[in-house]
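J.: the following comprises the amino acid sequence and a computationally predicted model.
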Amino acid sequence: MKKLLGWAGIGLVLAGTAWAQETCHWRNISQRYYRVVGDYGSEIVSIFFSDGAFAWANDEVGGDAVLEASHWMANSNWIRQEHERFTGMIDFQLAQPTDPTCIAQTGQDVSYHENDDGDLQPGHSWPERFTIQADTNLVVDNLTGLMWTRNATAGAGSWDVAVVASHIIERFGYDDWRLPSVLEMESLVDAGELLPALIFLHPFNNLATNYWTGTGDTLDTNKAWVVGIQDGTVARWARTNTAPAYWPVRSHTTGKAPVPKTGQTLSLLAGDDGDLQPGVAWPVPRFTIMADTNLVFDNLCGRMWTRQIGIGATTSWALAIDHCTGMTLGGYDDWRLPTRREVLSLIDYGSPTLLPAGHPFTGTPAVPFWTSTSYRPLPANYAWGIDGGYLGAYLKTSIGGGVWPVRGEW
């Protein structure tokens, strides 16, 4: 590996060659590490960073070279900038001002329609998912870095009881337990499994059906968000409902795909999501309107979306998939229907519109929106759809689903 490092103005210039299975690393700029990964035949001629925000490069030989970024070099938490992949004699520009956090795969690995979630499996691949700690009462999720109690039900009761009981009680030597945010709770879901919707041979015991999250409902403060761990549903429930269980979590280490903040800043009770606001902070700006102003890039999650909220008429699930994968927009032909986890990444649980304040999207959404992820309990007939923050199962042959294309790999 040949490398040349030097300063040029306020940026960093790197020249070198990247071969199969090799990577070129260089220094931290603005608290972010960058590297280039190339397959056989790719040659990186130059990389230039200005305040960690932009990069230019040429690939003269052919092959495939990809820019990756990370906050944590030691943990190898490298996030692939798929939208900036370049081959041949092509210049490219890294458009976003911050690294995205990555969106994990949903776990669905069976396909029910060409180019659906199970076929393409977009998102960050899962490591060996869980590690039982030396204290066998504790489990660390190697994907998100969160620590969970191995006993999945600390108790049951109203939302207020769940928030307080999760937050104030010391457990197994740690005193920073809390109720998980709605996105943290959903991160456990394996959309390829059912009853429960957890990875096969998971290490947990005493599982309940529905779990409170620490995320209160902005639209109705008498409600809070619940995740059904048996199938993966995300829904609002009255805070006084005593049926859901609670499952404490704590931030432990940096995972491969750390969970971002939900956007909730309204606190309904000390120790809830709005109070603690756990997760990866959102970049500012959250979104970048591309040179083609019909396109928007999400600087948090590394996905490109159509600026129009939904395109065309509402349609059935299969036709929604076909429409996305058959379209060309902004010079890109790799559009697809988003997975359930990708659609959730757009939701701001602290916003009355359930999209981040100041977002650049246009149009009035037709809800629910289809996702490419089939509903595992009845996968031939139902798929996941999202209506605001609610994630539920919808009949695939229904023509009432909206279509919002996305592109991006990690």
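T.: Okay, I see it. Every value quoted in this text rests on a predicted model; they were computed, and no experiment measured them.
J.: distance of residue 229 from residue 187?
T.: Note on residue 229: its distance to residue 187, by Cβ to Cβ, to the nearest Å, is 12 Å. C-betas here are computed from N, CA, C, even on glycine.
J.: where in the chain is pLDDT low?
T.: Regions of the chain meeting the criterion pLDDT under 70 cover residues 1-101, 366, 409-410.
J.: work out which residue lies at the spatial centre of it.
T.: residue 103 (2.8 Å; Cα atoms, centre = their mean).
J.: give the contact list for that one.
T.: Residues in contact with residue 103 (Cβ atoms under 8 Å, 6 or more residues apart in numbering) are 122, 123, 124, 257, 301, 302, 303, 339, 341, 342, 345, 410.
J.: residue 394 touches residue 386, doesn't it?
T.: No: the pair formed by residue 394 and residue 386 falls short of the contact definition of Cβ atoms under 8 Å, at 9.5 Å.
J.: more neighbours, those two?
T.: Between residue 394 and residue 386, residue 386 has the larger neighbour count (other Cβ atoms under 10 Å), namely 26 against 21.
J.: quick check: that one touching residue 340?
T.: Yes: with contacts defined as Cβ under 8 Å, residue 386 counts as touching residue 340 at a distance of 7.2 Å.
J.: joint contacts of these two?
T.: Joint contacts of residue 386 and residue 340 (Cβ under 8 Å, 6+ apart) are residue 371.
J.: measure the closest residue to residue 289 other than its chain neighbours to residue 286 for me?
T.: Computed as Cβ to Cβ, 6 or more residues apart in numbering, the closest residue to residue 289 that is not its neighbour in sequence is residue 360, at 5.2 Å. Taking Cβ to Cβ as the criterion, residue 360 is separated from residue 286 by 9 Å.
J.: and if you look at residue 125?
T.: From residue 125 across to residue 286, the span is 25 Å (Cβ to Cβ).
J.: so for those two, which residue has more residues nearby?
T.: With neighbours defined as other Cβ under 10 Å, residue 125 and residue 286 compare such that residue 286 has more, 20 against 12.
J.: name the helix or strand for residue 323, please.
T.: Element membership for residue 323, per DSSP states H and E: helix 317-325.
J.: and that helix, what does it pack against?
T.: strand 369-374 (3 or more Cβ pairs under 8 Å, 6 or more residues apart in numbering; DSSP states H and E).
J.: now do the strands in the stretch 301-410 of the chain.
T.: Read by DSSP state E, counting those that start in this stretch, the stretch 301-410 of the chain holds these strands, from start to end of the chain: 303-306, 369-374, 382-387, 390-395, 406-407.
J.: of all those, which one is nearest residue 116?
T.: For residue 116, the closest of the strands of the stretch 301-410 of the chain is strand 369-374, at 4.7 Å, according to Cβ to Cβ.
J.: cool, thanks, talk later.
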